[in-house]
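Visitor: Please work out how this folds:
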Amino acid sequence: MTRRLVGAIDQGTTSTRFVIFDERGSIVTYHQMEFEQHYPHPGWVEHDPHDLLATAQTCVEHAVRKLESLPDGYKASDIACIGITNQRETTIAWDTETGEPLYPAIVWSDGRTAGTVQALSAKSDKGVKALQSICGLPLTTYFSAVKLRWMLDHVPRVKEALAQGRLRFSTVDTWLIYHLTGGANGGILVTDVTNASRTMLMDIHTLQWSDEAIRFFGFEGIQLAKITPSSKVYGKVANGCLKGIPIAGCLGDQQAALVGQKCFNQGEAKNTYGTGCFMLFNTGSQPVSSKNGLLTTIAYQLGDEAPVYALEGSVAVAGSSIQWLRDNLGLIGDAKEVNTLASQVSDTAGVYFVTAFTGLFAPYWRPDARGTICGITQFTTRSHIARATLEAACYQSKAILDAMNEDAGTPLRSLKVDGGMSNSDLTMQIQSDILGIQVDRPAMRETTALGSAIAAGLAVGVWKDIHALDNVNTENRTLFTSQIDADKRKELYSGWEKAVQRAFGWATDVEA
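Guide: This is a model prediction of the structure:
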């Protein structure tokens, strides 16, 4: 019997993994690696683009080695295709002649561009909404074009490359696909609609690069990748153990999780608790403009089908706050310890932790906010701080869900969840308590990788259509329901709102 496996490169913010799935969406094997985070100044976050590629290649080699050592007799050739999912707005400027980066990758959560946002906003009487009717996004430090504008203003090598017609600008997906398909020796230059929709340069109505947006940012002459659907054969792996295997799916990580959670129906939503926290709400075949601080984005486009749109709310800091407790404060020795500590107390004893390390994203959009811990007394212990850290992601998710309910007009009754922090029963129970709705967690929570695998598998016929996915990752889901009443929920959230107000105004200039 022919066995068809699908692989997925999941290039995240703090680690890279390669996951191999079978046709039921079960994990056969995987390999994961962390890579170095660079913080050259307060509020700055950078990656070495070579690290992103190298860890992806290494994870592929190790995972395939594990696959071939399994007693089931699998071979690398059983992998029918691979998909790619990636951290989204992270921005790479590189040389078209050499394929080499001209500057470190500026990460999506980096806050250095506050001054750039102010300058760009001043160019239009619409302010931060200057391009929102085109790209669905406000001008903030979050998106890729703003980061590239900063590079052109501050990095001579990047400015010189643009003047000489050598500047290539991309998100991480393009960087990976180009090098995996041969690099300077015939590499394919593509990006999918979901990643392109996060740059501020794509018209979300036409799915084409917008000349108006390119002129607004002063990017005339820049070289951009071809925009393609999320499910399509882009090219074949050029080297290594998967040489000749098609790369057939590509999705930004949060859209990939939406697909992996099979939120194919209008009105379904998922929340991913990773480095940051990201909630997406499927709005169907038409983009919905938010009146409550949310983003309008492309959810996915499968082959030649019409694109599907989503509303999104983003939290900059979720799981990375746990890393901060471990690496910066030494409060815990291992990330899992935060759950143990937090479980030792029934509440935070009035402590709130606003994890605004590089500002606050949706629905606040306050780049001047900074991390703030409120309500500390002599009674406060490590356990209270640990619990407040978990609660921070849950409170910020409630702020986003409230905004989504306003925009959608129909309250969400169940939220599908995934990502590292969703492994914690305590955190998911806190989330259900704070939201007052059901939280639905799958047993297999690598839904970001699964989403890109689904996109790739659909492109090559591993699955005929989305209805063939009905039995994929459905077993042993856990449902959390709220255990507190509405009055208690209101009291807790009121304290959070006070803490958020105290986090505003700390950063007056985040540029060095």
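Visitor: all contacts plus neighbour counts: C-alpha atoms, from now on.
Guide: OK.
Visitor: how near is residue 144 to residue 106?
Guide: Applying C-alpha to C-alpha, to the nearest Å, the value for residue 144 to residue 106 is 9 Å.
Visitor: what's the overlap in contacts for those two?
Guide: Common neighbours of residue 144 and residue 106, using C-alpha atoms under 8 Å, 6 or more residues apart in numbering, are 90-91.
Visitor: and stretch 375-391, what's its mean pLDDT?
Guide: Stretch 375-391 shows a mean pLDDT of 95 in the predicted model.
Visitor: Extract the CA atoms of that stretch and return them as CSV.
Guide: Taking Å, rounded to 0.1, in the frame of the first residue of the first chain, the C-alpha atoms of stretch 375-391 are listed here in CSV:
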residue,chain,number,x,y,z
GLY,A,375,-0.7,45.5,42.8
ILE,A,376,2.4,44.1,44.4
THR,A,377,2.3,43.8,48.2
GLN,A,378,4.4,42.1,50.9
PHE,A,379,2.1,39.1,50.4
THR,A,380,3.1,38.7,46.8
THR,A,381,5.2,35.6,45.9
ARG,A,382,6.7,34.0,42.9
SER,A,383,3.5,32.0,42.5
HIS,A,384,1.4,35.2,42.2
ILE,A,385,3.8,36.6,39.6
ALA,A,386,3.7,33.3,37.6
ARG,A,387,-0.1,33.2,37.7
ALA,A,388,-0.3,36.9,36.6
THR,A,389,2.0,36.1,33.7
LEU,A,390,-0.5,33.4,32.5
GLU,A,391,-3.4,35.6,33.1
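Visitor: got the buried residues for it?
Guide: Neighbour counts over stretch 375-391 (16 or more other C-alpha atoms under 10 Å) mark 376, 383-391 as buried.
Visitor: Centre of the chain to it, how far?
Guide: Shown here is stretch 375-391, whose average C-alpha point lies 28 Å from the average C-alpha point of the whole chain (C-alpha atoms, centre = their mean, to the nearest Å).
Visitor: about what we covered before: include distance to residue 197 and secondary structure when you put the buried residues of stretch 375-391 into a markdown table, please.
Guide: Supplementary listing: the buried residues of stretch 375-391 in a markdown table, determined by distance: C-alpha to C-alpha, whole Å; DSSP: H, G, I helix; E, B strand; the rest coil:
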| residue | distance to residue 197 | secondary structure |
| --- | --- | --- |
| 376 | 42 | coil |
| 383 | 40 | helix |
| 384 | 39 | helix |
| 385 | 37 | helix |
| 386 | 36 | helix |
| 387 | 35 | helix |
| 388 | 34 | helix |
| 389 | 31 | helix |
| 390 | 30 | helix |
| 391 | 30 | helix |
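Visitor: what residue ranges in the stretch 301-450 of the chain score low on pLDDT?
Guide: Applying pLDDT under 70 to the stretch 301-450 of the chain picks out no residues at all.
Visitor: in it, which spans are helices?
Guide: Listed in chain order, the helices of the stretch 301-450 of the chain (DSSP state H, counting those that start in this stretch) span 319-327, 337-342, 382-408, 425-435, 447-460.
Visitor: picking that back up, return the member of the buried residues of stretch 375-391 nearest to residue 78.
Guide: For residue 78, the nearest member of those is residue 390. The distance, counting by C-alpha to C-alpha, is 40.5 Å.
Visitor: pull the CA atoms of stretch 483-495 into PDB?
Guide: Listed in PDB are the C-alpha atoms of stretch 483-495, where the atom choice follows Å, rounded to 0.1, in the frame of the first residue of the first chain:
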ATOM      1  CA  GLN A 483     -16.300  28.300  36.500                       C
ATOM      2  CA  ILE A 484     -16.900  31.900  37.700                       C
ATOM      3  CA  ASP A 485     -19.900  34.100  37.400                       C
ATOM      4  CA  ALA A 486     -20.300  37.300  35.300                       C
ATOM      5  CA  ASP A 487     -19.900  39.600  38.300                       C
ATOM      6  CA  LYS A 488     -16.500  38.000  39.200                       C
ATOM      7  CA  ARG A 489     -15.400  38.100  35.600                       C
ATOM      8  CA  LYS A 490     -16.300  41.800  35.400                       C
ATOM      9  CA  GLU A 491     -14.400  42.600  38.600                       C
ATOM     10  CA  LEU A 492     -11.200  40.800  37.400                       C
ATOM     11  CA  TYR A 493     -11.300  42.400  34.000                       C
ATOM     12  CA  SER A 494     -11.800  45.900  35.500                       C
ATOM     13  CA  GLY A 495      -8.600  45.400  37.400                       C
END
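Visitor: show me the contacts for the closest residue to residue 257 other than its chain neighbours.
Guide: Of all residues beyond its chain neighbours, the one nearest residue 257 is residue 448 (4.0 Å), with distances taken as C-alpha to C-alpha, 6 or more residues apart in numbering. The contact partners of residue 448, by C-alpha under 8 Å, 6+ apart, come to 10, 85, 253-260.
Visitor: let's see 10 Å
Guide: With contact set as C-alpha atoms under 10 Å, 6 or more residues apart in numbering, residue 448 has these partners: 8-12, 84-86, 251-261, 272, 418-419, 454.
Visitor: quick revisit: farthest pair within the buried residues of stretch 375-391?
Guide: Using C-alpha to C-alpha, the pair of these lying farthest apart is 376 and 390, separated by 16.3 Å.
Visitor: ok so, going back, compute the distance between the residue nearest to residue 257 and residue 252, please.
Guide: Residue 448 sits at a distance of 9 Å from residue 252 (criterion: C-alpha to C-alpha).
Visitor: which residues do the two both contact?
Guide: Both residue 448 and residue 252 are in contact with 10-12, 84-86, where contact means C-alpha under 10 Å, 6+ apart.
Visitor: Lovely, talk soon.
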